[in-house]
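S.K.: build me a structure from this.
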Amino acid sequence: MFQRILVPLDGSARAAQAIPVAVRIARAEGGSLALLTAIPPLDEWGWQDSPLLSPEAQAEEQERVAMELTALASSAPLAGIEVAQKAVLGDPATTILASAQLQQMDLIVLCSHGRTGLKRWALGSVAQKVARHSPVPVLILREGESGLFNEEPQIHPVRMMIALDGSPLAESVIQPALELSVALSAPVPGALHLVRVLPFSNDFDYGQEDAVAKARRQDVQEARTYLHELQKRLIGENPDLYVMTSLAMSMDIAETLLTVAEMGEGEGMSAITSTSDIIALATHGRSGPARWVMGSVTERVLGATRLPLLIVRPPQAGGLPMRQEASRTAS
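M.R.: Numbers count the residues shown, from 1 in each chain. Below you'll find the predicted structure:
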């Protein structure tokens with residue numbers, strides 16, 4: 001599934017931490033990498049009078065970055081992988097999104113924090129914008145917070161916690177999450193943790209009318225059945241896959257998801273499990289380069305978690321998948 005992987009870089013060591021993770025995915029999937037550095041245009045800086053920000057200086061910077069990317073592409077850690085590289089002048093977030101669209105990428109892998117300064121872009125801000133608007137799945141890594149940065153294969157499955165609400169939109173993250181867990185877990189099987197949080201208090205029966213209490217008990221039973229059937233189907237289709245489920249009740253969905261993922265527990269959760277390696281969520285998006293909009297739950301998790309995050313934005317209702325849209329444009 002992840003045959004073409006885009007890795008945005010800003011020249012910092014932090015941003016480069018995404019490379020080993022992308023390499024592991026590419027090797028497992030038999031895929032290729034595209035290394036991209038976007039150099040912001042002059043009008044995005046506040047020091048237009050500085051000679052370091054002249055058009056000539058930026059042209060020199062672009063050439064220097066291109067040479068760095070070429071050297072990186074031919075380095076030992078990337079040996080045996082097809083690697084393309086490009087350094088361009090342009091707004092980083094817009095450039096990354098355009099590259100993902102035009103080059104028909106399958107996945108974007110980037111670190112959420114990078115060095116800011118005269119010749120670098122703020123990767124944290126860029127990562128948020130890319131995650132909110134990307135036409136393809138985005139894997140956001142957190143600097144120094146995960147064993148995923150290690151180049152050696154894991155000796156245990158990479159557990160992907162998938163946040164579900166029972167809707168087809170939320171379920172759209174399952175297949176990418178499955179593929180990513182399998183790729184990063186190799187040679188051992190992948191692992192999924194399906195989590196659903198019902199938006200009411202764990203003690204909802206107290207002081208409630210019988211009809212209301214009965215309806216909510218029915219909601220709980222339906223949610224358990226939903227998770228069980230989904231678990232059964234996934235294991236049936238992927239016999240080697242580990243699939244766990246948890247059901248929680250909480251008025252604060254985002255906080256509960258964070259607690260389940262990072263601590264292995266949560267308010268009203270039906271089973272205590274170990275912590276997760278990656279959180280996977282689907283999100284809504286809106287068109288327009290200036291409108292960075294996400295679902296509120298995903299927005300909160302993105303801003304608060306210390307774990308890597310896989311974000312999938314399904315095609316808009318009535319829209320075409322990226323590859324189909326690109327084909328229509330070309331025809």
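S.K.: which residues touch the helix or strand where Ser99 lies?
M.R.: Assigned by DSSP states H and E, Ser99 belongs to helix 92-102. Contact with helix 92-102 is made by 6, 8, 10, 34, 36, 38, 40, 86, 88, 105, 108, 110, 121, 125-126, 129-130, 133-136, 289, 322, 326, as judged by Cβ atoms under 8 Å, 6 or more residues apart in numbering. Bear in mind the C-beta positions are built from the backbone N, C-alpha and C, glycine included.
S.K.: which PyMOL command selects the buried ones in those residues?
M.R.: In PyMOL syntax, the buried subset of the contacts of helix 92-102 is picked out as below (16 or more other Cβ atoms under 10 Å):
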select buried, resi 6+8+10+34+36+38+40+105+108+110+121+126+129+130+133+134+135+136+322+326
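S.K.: so of the contacts of helix 92-102, which ones are in strands?
M.R.: Leu6, Pro8, Ala34, Leu36, Ala38, Lys86, Val88, Ile108, Leu110 (DSSP state E).
S.K.: list the contacts of the fifth one.
M.R.: Read that as Ala38. Pro8, Ala87, Val88, Leu89, Gly90, Asp91, Pro92, Thr95, Ile96, Trp121 are the contacts of Ala38 under Cβ under 8 Å, 6+ apart.
S.K.: so can I have TSV of the residues you listed showing pLDDT and distance to Glu222?
M.R.: Converted to TSV, the contacts of Ala38 look like this (pLDDT from 0 to 100; distance: Cβ to Cβ, whole Å):
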residue	pLDDT	distance to Glu222
Pro8	94	42
Ala87	92	53
Val88	91	50
Leu89	87	54
Gly90	87	49
Asp91	88	46
Pro92	89	44
Thr95	93	45
Ile96	94	40
Trp121	46	46
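S.K.: the longest helix in this structure is where?
M.R.: Longest helix in the chain by number of residues (criterion: DSSP state H): helix 210-237.
S.K.: returning to that earlier point: what comes up buried for the helix holding Ser99?
M.R.: Pro92, Ala93, Thr95, Ile96, Leu97, Ser99, Ala100, Gln101.
S.K.: just give the nearest non-adjacent residue to the second one, would you?
M.R.: Nearest in space to Ala93, with sequence neighbours left out and distances taken as Cβ to Cβ, 6 or more residues apart in numbering, is Lys129 at 3.9 Å.
S.K.: got the contact list for stretch 235-242?
M.R.: With contact meaning Cβ under 8 Å, 6+ apart, stretch 235-242 is reached by Pro157, Arg159, Leu178, Val182, Pro189, Gly190, Ala191, Leu192, Leu234, Val243.
S.K.: and with 6 Å instead?
M.R.: By Cβ atoms under 6 Å, 6 or more residues apart in numbering, the residues outside stretch 235-242 that reach it are Pro157, Pro189, Gly190, Ala191, Val243.
S.K.: give me the buried positions along it.
M.R.: Leu241, Tyr242.
S.K.: confirm Ala57 sits in a strand?
M.R.: No - counting by DSSP: H, G, I helix; E, B strand; the rest coil, Ala57 is not part of a strand but helix.
S.K.: next one: it from Leu89, what distance?
M.R.: 12 Å (Cβ to Cβ, to the nearest Å).
S.K.: again, but for Ile155
M.R.: Applying Cβ to Cβ to Ile155 and Leu89 gives a distance of 43 Å.
S.K.: more neighbours: which of these two?
M.R.: Neighbour count, other Cβ atoms under 10 Å: between Ile155 and Leu89, Leu89 has more, with 15 against 9.
S.K.: quick check: the more buried one touching Pro40?
M.R.: No - the criterion here is Cβ atoms under 6 Å, and Leu89 misses it with Pro40 at 7.9 Å.
S.K.: and Pro189, helix, strand or coil?
M.R.: Following three-state DSSP, we place Pro189 in the coil state.
S.K.: excluding chain neighbours, give the residue nearest to it in space.
M.R.: Closest residue to Pro189 apart from its sequence neighbours, by Cβ to Cβ, 6+ apart: Asp240 at 4.2 Å.
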